[in-house]
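A.B. asks: using only what follows, build the 3D model:
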Amino acid sequence: EVQLVESGGGMVQPGGSLRLSCAASGFTFSMYDMSWVRQAPGKGPEWVSNINTGGSGTRYATSVNGRFTISRDNAKNTLFLQMNSLKPEDTALYYCARHKYGTGWFTKEYDYWGQGTQVTVSS
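C.D. replies: Below you'll find the predicted structure:
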């Protein structure tokens, strides 16, 4: 059974940092491109970042570019999102998502999602 379990969310003041993790199980993690997607209250899902299977290719939404860093540890089946210089508009439920196999790491076609971890940025 495919499982994606996010952790690391919490409440932080503007300018602060958080590191999200996504523990993957039930599939060969190193064979799949991965993404982080977030959803703010009352809004639709927003793609944040994605990474290819080996970790050499990454892309970011304009809103987070330069502040967030996506990475992965294939030996530990874990995806990460380092978030720095957080802003109130980063407040959202953050999900990791597995790309459909073979669709390309730069696409946004997902077949599995985690349950999400809440990030709240407030003073």
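
A.B. asks: for the closest residue to Gln3 other than its chain neighbours, give me its contacts.
C.D. replies: Nearest non-adjacent residue to Gln3, counting by C-beta to C-beta, 6 or more residues apart in numbering: Ser25, 4.7 Å away. Every C-beta, even on glycine, is put in place using the N, C-alpha and C of the backbone. By C-beta atoms under 8 Å, 6 or more residues apart in numbering, the residues touching Ser25 are Val2, Gln3, Val5, Asn77.

A.B. asks: make TSV out of those and add secondary structure, neighbour count and pLDDT.
C.D. replies: What follows is the contacts of Ser25, written out as TSV (DSSP: H, G, I helix; E, B strand; the rest coil; neighbours: other C-beta atoms under 10 Å; pLDDT from 0 to 100):
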residue	secondary structure	neighbour count	pLDDT
Val2	coil	12	97
Gln3	strand	12	98
Val5	strand	14	98
Asn77	coil	16	98
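
A.B. asks: make CSV out of those residues and add distance to Trp47.
C.D. replies: Formatted as CSV, the contacts of Ser25 follow (distance: C-beta to C-beta, whole Å):
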residue, distance to Trp47
Val2, 20
Gln3, 22
Val5, 20
Asn77, 22
